[in-house]
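K.L.:
Take this sequence and fold it.
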Amino acid sequence: MFTKLSQDIETEMFEIKQNQRTDNKTLQQLVAKNDGNPFSPEQLAAIRFPMQTHLRIIAGAGSGKTQTICAKAAYLVLEQQIDPKTIMMCTFSRKAKLEMEARVNQYLDGHGRISVQTFHGWFNAEYTELIRRIPELKQWGIEGTIDEEQYYQILSQLIKKYRLYNFDKFEERTIAARISYWRNMGYSDQAMVEFVAKHFDAKGLLANQKLSAVFQQFLAELAMIKKEQHFITFDDMLFNLKLILENDLKARKFLQKKYRYIFIDEFQDINPLQKQIVALICPPDRVSNQKNISKLIIVGDDDQSIYYFRGAEPSYIKVFEQEYQQTSLQLMTNYRSDAPIVTAGNRLIQHNGHDRLQKKMVASRATTEHDCYAIGFSDDEEEAAWIGQKIQKLAKKTPRSDGSPDYRDTMVLYPTRIQLRSLLKQLAKQKVPFVTPANDDLLGIFGLPLFKTLFQQLDLLASASSMQQKNEALKKIIQQYAFYHYIKFSASAKFSEELFRKSKFKINDLVAFLVSERTLSQESQDQAKEFFKQIYLFYQRKQINLSVLVETLLATPKFKKDLSEEESDWLRQELFSASDWPGLLEAFQQAKQQNQGMKKRLNDYDQAKLNAVYLLSIHASKGLGKKNIFIKGVYQDALPNHHAVKKADCDLQKAKEAATPPTTIEEQRRLMYVAITRAKENLYVTFPKKLNEKAVKSSPFLKEAGLIIKENQST
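P.N.:
Down below sits the predicted model:
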């Protein structure tokens, strides 16, 4: 059951009623600046809450949380004469910061300005001020200017120096990604070394050396270079602030007295390091029994927690009541979506009952005249074609002032990059203008981690200007192929070094090595021979049969495990189409150019200069809403992802220590919930019944959401 109010309800309600008799003028001003839209009773309860305790606002999708918390901050200034300088409002993205900043200062109408910051902006400002006030605090952590580019350059040099290539590529998670994850979990360098010893020393990633011992030297030199060259990363800056506040009472007391009220938006997205710093600035008073000068006002929704891969957990917003003397209020009226959409979201997310605060959204609009259904198609091409046609109809139905179709009211969401393949082709064919963020999603198969690494190695081999460079590139390809068979990097590195000491060697030597490390069937041995034949041709003449090469890759255990069946077929088709190396290079250049050109288009779209449909991964869509939402590719192995497992079946502590957070069914369900609740009027959930002539199952989330499933009548 949802938690009860932690303080005496009758006393609180009496005080709220007393406030209601005296604050009408302030509320009238807030309503006027809210485009004349009145606040609902539940929003007013949050705005007027007298703040004897910390406040947790559970704000569901489309509940108007931004306008509510901005109005509350303004109310503190206008009605209770709180100094705006003693209020901090914190959110996660720059876009959310700008929106909140404009809204709250519009409410204030010139009566001071409230600071609105991202976590990085806020903590960097506090760190800089503390160092200026108390210079001796520089002893904690590493002082320097934030320079992410320099950091990655130095990191790359040190990986080369310490020969940590194998760890850098292990399980397709880079050293940079692991360090960032560990740092954001609040772990020290020493803890990282201990985790490497515990989880990676036995993997044989370094020949004749303990990985943890070398990694410790690596981290020590990285820290020394940062100190000497006076640069740090954003993660370092946050960790520095944590160290200062943990170790210096004067600094801690200064920040604890600085703010009366601290607002934290999207609290379900907070990571452990951010949470630890907040707890140092405003200590948990239920745990420590320490009376705080400042009060926290946290806002969020555990049902929209979808960033576990970077440390965020829905439990943080749930356990707040165990850490702080707090009151919980709810904003459960959805002002964004029509009733059928809200109902679908409620039905779906209730299946996470074991992993969420119990609550239910209520639609403010009972409208049922718009579309809300799922629809299946024979394949993904037909699915994409229908989406393009439907977008055109919707765009023409609500034209712009000049009579042209209006595409800006439509957004197409997708769970994985593979859904973009057919969609991009069909939208271009049907002349539907679109924008999408420029990232690996637009690179097609060149964004698939397993293939991306091999392509880069082949490119290095092709562009090598000396025999030494060619041989080094070939060694990496041999090691990479051994990795595809789960052979330890230390073994493959030792073998490749010995191999290249010979005056000449044969393909059979390479296959014999694989067999000595792994039991391979005759078929697997034949595939390995074929792989190295193709690599030898490429080494000698820059010729390669990609159709043959891809089959040898897809036959390896690593490709079988990590790629979904659809991704495997996609890779097969693209390499077959490219045919040879020049064809593959041309395909890569086209993907790269499309990615680069998209940056300008997206900038124009953000400034309302471009009339286009927005294509977006579901992860990137949180906080947005459009009249028309298409969710493409909602089938088993796409959403939920083929890696998804039940949370109860995971060793979560081991995953944290290894920096490999799992994909859980529960979070995938929350991802689907976020996608559904982006829709204002029309919701279309689509899925193919076959992919490359192979039957696929629709996602179980469709049934859980109670969506009507239609058949495409146009075929």
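K.L.:
So what does Tyr151 have for phi and psi?
P.N.:
Backbone torsions of Tyr151, given as degrees, to the nearest 10, read phi -60, psi -50.
K.L.:
got the contact list for it?
P.N.:
Residues in contact with Tyr151, defined by CB atoms under 8 Å, 6 or more residues apart in numbering, are 226, 231-233. The way it works is simple: take the backbone N, C-alpha and C, and place the C-beta from them, glycine included.
K.L.:
want to throw these into JSON lines with neighbour count?
P.N.:
Shown next, in JSON lines, are the contacts of Tyr151 (neighbours: other CB atoms under 10 Å):
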{"residue": "Lys226", "neighbour count": "21"}
{"residue": "Phe231", "neighbour count": "20"}
{"residue": "Ile232", "neighbour count": "25"}
{"residue": "Thr233", "neighbour count": "22"}
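K.L.:
Format those as TSV; extra columns: secondary structure.
P.N.:
Below are the contacts of Tyr151 laid out as TSV (DSSP: H, G, I helix; E, B strand; the rest coil):
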residue	secondary structure
Lys226	helix
Phe231	strand
Ile232	strand
Thr233	coil
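K.L.:
helix or strand for Trp570, which one?
P.N.:
Secondary structure from DSSP states H and E places Trp570 in helix 565-578.
K.L.:
sorry, back to before: generate JSON lines for the contacts of Tyr151, with pLDDT as supplementary columns.
P.N.:
Listed next are the contacts of Tyr151 as JSON lines, based on pLDDT from 0 to 100:
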{"residue": "Lys226", "pLDDT": "95"}
{"residue": "Phe231", "pLDDT": "93"}
{"residue": "Ile232", "pLDDT": "93"}
{"residue": "Thr233", "pLDDT": "94"}
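K.L.:
next SSE after the lowest-mean-pLDDT helix or strand in the chain?
P.N.:
The helix or strand of the chain with the lowest confidence, counting by mean pLDDT, DSSP states H and E, is helix 9-20 at a mean of 50. Going down the chain from helix 9-20, the next helix or strand is helix 24-32, by DSSP H and E.
K.L.:
Mind giving me the packing neighbours of that following helix?
P.N.:
Packing contacts for helix 24-32, counted by 3 or more CB pairs under 8 Å, 6 or more residues apart in numbering; DSSP states H and E, involve helix 41-48, helix 65-78.
K.L.:
at 10 Å what do you get?
P.N.:
With contacts taken as 3 or more CB pairs under 10 Å, 6 or more residues apart in numbering; DSSP states H and E, helix 24-32 sits against helix 9-20, helix 41-48, helix 65-78, helix 94-108.
K.L.:
tell me the average confidence for the shortest one?
P.N.:
Per-residue pLDDT values over helix 41-48 give a mean of 96.
K.L.:
now the angle from the very next helix or strand once past that helix to helix 41-48?
P.N.:
Using DSSP H and E, the helix or strand that follows helix 41-48 towards the C-terminus is strand 54-59. Strand 54-59 and helix 41-48 meet at an angle of 150 degrees, taking axes from the mean of the first three to the mean of the last three CA atoms, to 10 degrees as the criterion.
K.L.:
neighbours of the residue lying closest to Asp441 once chain neighbours are set aside, just the number please.
P.N.:
Ranked by CB to CB, 6 or more residues apart in numbering and with sequence neighbours excluded, the top spatial neighbour of Asp441 is Arg417, at 4.1 Å. When neighbours are defined as other CB atoms under 10 Å, Arg417 has 19 of them.
K.L.:
So for Arg417, what pLDDT did the model give?
P.N.:
pLDDT recorded at Arg417 is 86.
K.L.:
how about it, what does it touch?
P.N.:
Residues counted as contacts of Arg417 (CB atoms under 10 Å, 6 or more residues apart in numbering) are 439-445, 447-448, 567, 570, 617.
K.L.:
Next, work out how far apart it and Phe701 are.
P.N.:
Distance, Arg417 to Phe701, using CB to CB, to the nearest Å: 19 Å.
K.L.:
Quick one: residues contacting Thr91.
P.N.:
66, 69, 97-101, 116-119, 121-122, 263-266, 269, 299, 623.
K.L.:
what pairs with it across the strands?
P.N.:
For Thr91, the beta-bridge partners under DSSP bridges are Thr118.
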